[in-house]
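S.K.: Structure of the sequence below:
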Amino acid sequence: MAKEIQLKLKEGDNAPEFSANTNGAGKISLADFRGKNVILYFYPKDDTPGCTKEACAFRDNFAEFKKRGAIVLGVSPDSVKSHDKFVEKFKLPFTLLADEDKKIVNDYGVWGEKSFMGRKYMGVHRVTFLIGGDGKIKKIWPQVKPDEHAAEVLAEL
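M.R.: Below you'll find the model as predicted:
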């Protein structure tokens, strides 16, 4: 189990504004979604086992998220090209943001030290934020089990 990370943001805080390139050569910012619930989920790397499970769970529940008026956005430091391949391979119906300069992961406090098999390295912690239509953080999931997570988020909407 991943150790709990110390997040600098709390529920009730204003969500940091962002703008990023996306898969499919798009560009979006948080302001584009005012008035809607945004599920902003951070994940370490495209096409790796846990990240694929998590993305596919969001994909499989996507119609339900849409029905409830929620926007699903995935964020990782991967390139647009990597996101395009990931989206195509797993038929992901939501947008992935390419945070190559790590500005968004730093603003949200999910970039930090991780360890895997005794090796320490810097990376993205798997954390999800539910941002309300007013731009405030309604809920934070600091520890995510990739295959159960989409259901947990749906239960909150």
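
S.K.: how many other residues sit next to residue 63?
M.R.: 10 (other C-beta atoms under 10 Å). Yep, even glycine has a C-beta here, placed from its N, CA and C like the rest.

S.K.: got the contact list for it?
M.R.: Listed by C-beta atoms under 8 Å, 6 or more residues apart in numbering, the contact set of residue 63 is empty.

S.K.: Give me the pLDDT for it.
M.R.: Residue 63 carries a pLDDT score of 96 in this model.

S.K.: Quick test: name the residue nearest the centre of the protein.
M.R.: Here the mean C-alpha position of the chain is nearest to the C-alpha of residue 41 (C-alpha atoms, centre = their mean), at a distance of 1.6 Å.

S.K.: quick one, phi psi at the closest residue to residue 93 other than its chain neighbours?
M.R.: Distances taken as C-beta to C-beta, 6 or more residues apart in numbering put residue 62 closest to residue 93, at 4.8 Å, once the chain neighbours are dropped. Torsion angles at residue 62 (phi, psi; degrees, to the nearest 10) stand at phi -60, psi -40.

S.K.: Sheet-wise, list the partners of the lowest-mean-pLDDT helix or strand in the chain with their directions.
M.R.: Within the chain, no helix or strand scores below strand 111-116, which has a mean of 87 by mean pLDDT, DSSP states H and E. Paired with strand 111-116 in the same sheet, following DSSP bridges, are strand 119-124 (antiparallel).

S.K.: which outside residues touch the helix or strand following the partner strand?
M.R.: Using DSSP states H and E, the helix or strand that follows strand 119-124 in sequence is strand 128-131. Applying C-beta under 8 Å, 6+ apart, the contact partners of strand 128-131 are 9, 15, 30, 33, 37-42, 108, 137-141, 144, 149, 153, 156-157.
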